[in-house]
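S.K.: The sequence and its predicted three-dimensional model are supplied below.
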Amino acid sequence: MSIEVVSLSKIYGNQIAVNSVSFQASEGQIIGFLGPNGAGKSSTLKMLVGLIKPSSGHAKILGLSIAEHSLELASKIGYLAENNPLYPDMYVQEFLDFIGKIHGFPADKRKKRIEEVIELVGLRQERKKKIGELSKGYQQRVGIAQSIFHDPSVLILDEPTSGLDPNQMAEIRTLIQSLSPGKIILFSSHLLTEVESICHRILLISQGNLVADCTLSEAKNYPGGLAAFFKDKTA
Ligand SMILES: Nc1ncnc2c1ncn2[C@@H]1O[C@H](COP(=O)(O)OP(=O)(O)OP(=O)(O)O)[C@@H](O)[C@H]1O
């Protein structure tokens with residue numbers, strides 16, 4: 001089970017958002033896709049999930065080309081978009097039922113899976129509430145619940161802890177860690193502390209270029225530590 005990205009680029013007009021990015025990832029890894037604002041993280045992730053087309057380059061996820069097998073891949077990838085767009089007027093349970101329908105789960109399996117997912121992401125107390133009435137941290141859990149509903153092998157989370165308070169961040173980090181076995185998790189952040197606490201590996205992107213691909217311990221051993229690593233590489 002793997003992700004292989006080869007010279008992936010995205011150009012918007014004159015703006016090179018992603019410049020020939022290549023990397024590989026395999027099962028069981030939690031990979032932090034780190035970089036300052038505007039570095040090209042979201043654009044890279046959107047290409048991987050098939051939301052935008054690469055300007056050049058290619059990628060395979062689970063051996064399937066993103067250009068040729070986007071529909072098949074949709075059933076194998078879970079995606080949490082940046083800012084976690086949700087339906088505030090829907091009830092949690094109703095929303096998850098809707099997600100199950102989108103994934104083609106028949107009624108009985110949908111009901112069972114809603115229970116499992118609610119348990120997995122810790123939404124039991126909030127399940128009967130409207131999404132718009134939940135705290136930001138619980139809304140993130142709803143977003144993560146929709147991303148894992150179909151039990152995808154690859155989970156792509158774009159800034160899953162953005163806008164959360166420190167306690168909520170820690171809770172979401174623990175949740176992501178608990179989902180990791182048997183999956184590849186790629187999650188983006190512009191916060192060093194996020195990757196430090198849960199990632200095995202760091203991909204650092206700056207101005208569209210992949211400027212580092214290393215283990216967390218390699219980055220920590222950088223002279224001056226992680227903060228110096230981030231600062232020097234993205235300068
Ligand atoms: N649809 C678009 N049209 C034009 N330019 C875009 C578009 N989307 C992104 N960009 C530009 O591409 C660059 C990379 O943006 P992207 O959102 O991928 O970065 P990011 O690392 O995810 O940033 P952030 O952490 O702020 O969300 C930025 O300069 C951004 O302005």
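M.R.: Structure's in. What do you need?

S.K.: quick one, helices of the chain?
M.R.: 41-48, 70-74, 92-102, 107-121, 136-148, 166-179, 192-198, 216-220, 225-234 (DSSP state H).

S.K.: Could you find the closest non-adjacent residue to R201?
M.R.: Distances taken as C-beta to C-beta, 6 or more residues apart in numbering put I31 closest to R201, at 4.9 Å, once the chain neighbours are dropped. For glycine as for every other residue, the C-beta is placed from the backbone atoms N, C-alpha and C.

S.K.: on that earlier part again, let me know which of the helices of the chain is tucked in deepest.
M.R.: helix 41-48 (a mean of 24; mean count of other C-beta atoms under 10 Å).

S.K.: A74 contacts G50, doesn't it?
M.R.: Yes. Using C-beta atoms under 8 Å, A74 is in contact with G50, at 6.9 Å.

S.K.: Between these two, which contacts overlap?
M.R.: With contacts defined as C-beta atoms under 8 Å, 6 or more residues apart in numbering, no residue is shared by A74 and G50.

S.K.: Report pLDDT for the nearest residue to N84 once chain neighbours are set aside.
M.R.: Nearest residue to N84, sequence neighbours excluded (C-beta to C-beta, 6+ apart): G143, at 3.8 Å. Model confidence at G143, expressed as pLDDT, equals 94.

S.K.: I'd like to know how far the residue nearest the centre of the chain sits from L64.
M.R.: Taking C-alpha atoms, centre = their mean, the centroid of the chain lies closest to L157, which sits 1.3 Å from it. When distance is defined by C-beta to C-beta, to the nearest Å, L157 is 20 Å away from L64.

S.K.: and stretch 11-20, how far apart are its ends?
M.R.: 11 Å (C-alpha to C-alpha, to the nearest Å).

S.K.: list the buried ones in that stretch?
M.R.: I16, A17, V18, N19 (16 or more other C-beta atoms under 10 Å).

S.K.: for it, the distance to its chain's centre please.
M.R.: Taking the mean of its C-alpha atoms, stretch 11-20 sits 21 Å from the chain's own mean (C-alpha atoms, centre = their mean, to the nearest Å).

S.K.: And stretch 187-199, by the same measure?
M.R.: 12 Å.

S.K.: check whether it contacts the ligand.
M.R.: Yes. Using C-beta under 6 Å from any ligand atom, stretch 187-199 comes into contact with the ligand via H190.
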